[in-house]
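Q: Turn this into a structure:
(chains A, B, C and D)
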Protein chains: 2
Amino acid sequence: MIIRTTKDLAHLIRESRSRKHITQEGLATLAGVSRKWVVDLEAGKRTTDISMVLRTLRALGLGVDVREARDRSGDDGVDLDRIIERSRRPRR
Amino acid sequence: MIIRTTKDLAHLIRESRSRKHITQEGLATLAGVSRKWVVDLEAGKRTTDISMVLRTLRALGLGVDVREARDRSGDDGVDLDRIIERSRRPRR
DNA sequence: TTTGAGAGTCACCGTGCGGTTACATCTTGA
DNA sequence: TCAAGATGTAACCGCACGGTGACTCTCAAA
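A: Numbers count the residues shown, from 1 in each chain, chains lettered A, B, ... in the order given. Prediction:
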């Protein structure tokens, strides 16, 4: 599964967790985080700690693969500049 | 490339960036973050914001793939429990 | 119906992260 | 040699993130 946004990640984790019949509490313990953090992650909270995420994914037996995106333009119509612009902090 | 730790990610980003002749400043602008953040990321700082990382990877034309790790045990001898224990906050 | 587990949410608190700014170092080209 | 660009680092500050604990709600099993 290709991950593009934190929401994608949220769905992936939640689905993988339930498919394996692990509770939020259990996953939290496995990954060494709090249950609140798992709740937040699965809720698609914008920001999260990446080392925690890596641990959580490993706890679920998931591997992360990063590589050159072959056809970046055809991608899926995502306009990077728009995304960046939107996620930028208001300039004040 | 398989990502297991934030250090892996750091190396990946730095290498990809220089190979594309993009400056830290340039990448920071592309990803909508500060240069300091890019410096910290490439220095392998333990914690970073995952949505920023995703944006940065996309800015470098890299895709993230998450999937079931086939042979999890044989993996590479990583002891998850030890990792978790080590990265846990001191209990006080 | 009752009970218990799983999940969502809330408030509080301390800490560490990210942005900003400034400065030092190093390399490269004029 | 000097100037400009790229990078690393340090200090400061505001704020939002993560942990804790408690509460509620839902649902399934007894």
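Q: for the longest helix seen in chain A, which positions count as buried?
A: In chain A, with assignment by DSSP state H, the single longest helix is helix A:6-19. Using 16 or more other Cβ atoms under 10 Å in any protein chain shown as the test for burial, helix A:6-19 gives A:6, A:8-10, A:12-14, A:16-17. Where C-beta positions appear, they are placed from N, C-alpha and C, glycine not excepted.
Q: how about the helices in chain A?
A: A:6-19, A:24-31, A:35-42, A:50-59, A:80-87.
Q: and the ones you listed as CSV, adding mean pLDDT?
A: Shown next, in CSV, are those (pLDDT from 0 to 100):
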stretch, mean pLDDT
helix A:6-19, 92
helix A:24-31, 95
helix A:35-42, 95
helix A:50-59, 89
helix A:80-87, 41
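Q: just those: most buried one?
A: helix A:50-59 (a mean of 22; mean count of other Cβ atoms under 10 Å in any protein chain shown).
Q: Quickly note the distance from residue A:63 to residue B:55.
A: Separation of residue A:63 from residue B:55 (Cβ to Cβ, to the nearest Å): 22 Å.
Q: residues in chain A within reach of chain B, list them.
A: A:1-6, A:9, A:12, A:30-32, A:46-51, A:53-55, A:57-59, A:61-69, A:72, A:78, A:80, A:83-85, A:87-88 (Cβ under 8 Å from any Cβ of the partner chain).
Q: Remind me what the longest strand anywhere in chain A packs against, helices and strands.
A: Assignment by DSSP state E gives strand A:62-68 as the longest strand of chain A. When contacts are defined as 3 or more Cβ pairs under 8 Å, 6 or more residues apart in numbering or on different chains; DSSP states H and E, strand A:62-68 packs onto helix A:50-59, strand B:2-3, strand B:62-68.
Q: So for that strand, mean pLDDT?
A: If you average the pLDDT over strand A:62-68, you get 88.
Q: Return the list of strands paired to it, each annotated with direction.
A: strand B:2-3 (antiparallel), strand B:62-68 (antiparallel) (DSSP bridges).
Q: Just put these in a markdown table and tack on distance to residue A:36.
A: Output for these, formatted as a markdown table (distance: least, Cβ to Cβ, whole Å):
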| stretch | distance to residue A:36 |
| --- | --- |
| strand B:2-3 | 25 |
| strand B:62-68 | 23 |
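Q: and these as JSON lines, adding mean neighbour count?
A: Below are those laid out as JSON lines (neighbours: other Cβ atoms under 10 Å in any protein chain shown):
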{"stretch": "strand B:2-3", "mean neighbour count": "16"}
{"stretch": "strand B:62-68", "mean neighbour count": "17"}
